[in-house]
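In: Just a sequence and a predicted model for now, questions to come.
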Amino acid sequence: MTQDQLKRAVAEAALAYVEKDEVLGVGTGSTANFFIDALASIKQHIPAAVASSKATAERLQKLGIEVVDLNSVDNISVYVDGADEVNPYLHMVKGGGGALTREKIVAAVAKKFVCIADASKQVPVLGQFPLPIEVIPMARSYVARELVKLGGTPVYRQGFVTDNGNVILDTYHLSIVNPVALELTLNQIVGVVTNGLFAQRGADVLLIGSSDGVKTYLKP
Ligand SMILES: O=C(CO)[C@H](O)[C@H](O)COP(=O)(O)O
């Protein structure tokens, strides 16, 4: 099976986690896009969705699903999104598509986080994928120097501006043996808006698309 076929299979499997007549949170990226396309078959049961990016909002709206502002809802039953890496504890690296801040906000509100990914995203230890860090533009050089002090090698994502008007430092070589602690440490650097570690609030359910079918993992 191709990687896209695995993504499509796992996205379709995630439909089983969508709660009828509840507001749904929807992530960003190619796997999330397969999920949005799959939602067409059950859209009559989705009163509204909260999107984690402008791109996702547009795709949902094209399908005829109402997109609402997060401030207008009290809760989100389920949030479905992809990941760049996921470890056995269901901690993730996210933000390859640059939507990490809104993704983390929607994930924080959601009662359940369902991560959908193809098998290439499963890793024993996070950190091969460079960690995306969203930064206020004027703080870019300062934050980069602080990341170097932590052992990282930050690379400015040239020509990319987030939906929030900020920039991204893709950071290589960080030692992510304790994702929860590193997430907190990075949050304390002044000028950092969000880092791509989703460890304090990891996934509750992980669906992995593999050549043997879709496998389900629960948070240990
Ligand atoms: O965090 C993300 C976007 O900010 C995506 O979930 C992540 O990059 C995975 O993307 P894809 O499904 O295209 O591999």
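Out: Structure's in. What do you need? Numbering: from 1, shown residues only.
In: Glu85 bridge partners, please.
Out: Val93 (DSSP bridges).
In: try Gly25
Out: Here Gly25 sits in beta bridges with Val50, Tyr79, as judged by DSSP bridges.
In: Contact partners for it?
Out: Going by C-beta atoms under 8 Å, 6 or more residues apart in numbering, Gly25 touches 49-50, 52, 76, 78-81, 106-107, 109-110. (Each C-beta comes from the backbone N, C-alpha and C, glycine too.)
In: Would you map out the domains in this protein?
Out: Listed by automatic domain parsing, the domain ranges of the chain are 3-122+200-218, 131-195.
In: hang on, the earlier thing: what subset of the contacts of Gly25 is also close to the ligand?
Out: Asp81 (C-beta under 6 Å from any ligand atom).
In: Switch the contacts of Gly25 over to a markdown table, and while doing so, append pLDDT and neighbour count to every line.
Out: Shown next, in a markdown table, are the contacts of Gly25 (pLDDT from 0 to 100; neighbours: other C-beta atoms under 10 Å):
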| residue | pLDDT | neighbour count |
| --- | --- | --- |
| Ala49 | 98 | 27 |
| Val50 | 98 | 25 |
| Ser52 | 98 | 29 |
| Ile76 | 98 | 24 |
| Val78 | 98 | 20 |
| Tyr79 | 98 | 26 |
| Val80 | 98 | 29 |
| Asp81 | 98 | 29 |
| Val106 | 98 | 25 |
| Ala107 | 98 | 24 |
| Val109 | 98 | 16 |
| Ala110 | 98 | 22 |
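In: Out of the domains of the chain, which one sits most buried?
Out: domain 3-122+200-218 (a mean of 20; mean count of other C-beta atoms under 10 Å).
In: Give me the contact list for stretch 197-206.
Out: 17, 83, 86, 89-94, 103-104, 107-108, 112-115, 117, 126, 131, 176, 179-180, 182-184, 186, 216-219.
In: Kindly report the same for stretch 160-170.
Out: 53-54, 95, 98-99, 101-102, 130-137, 140, 143-144, 147, 154-157, 193.
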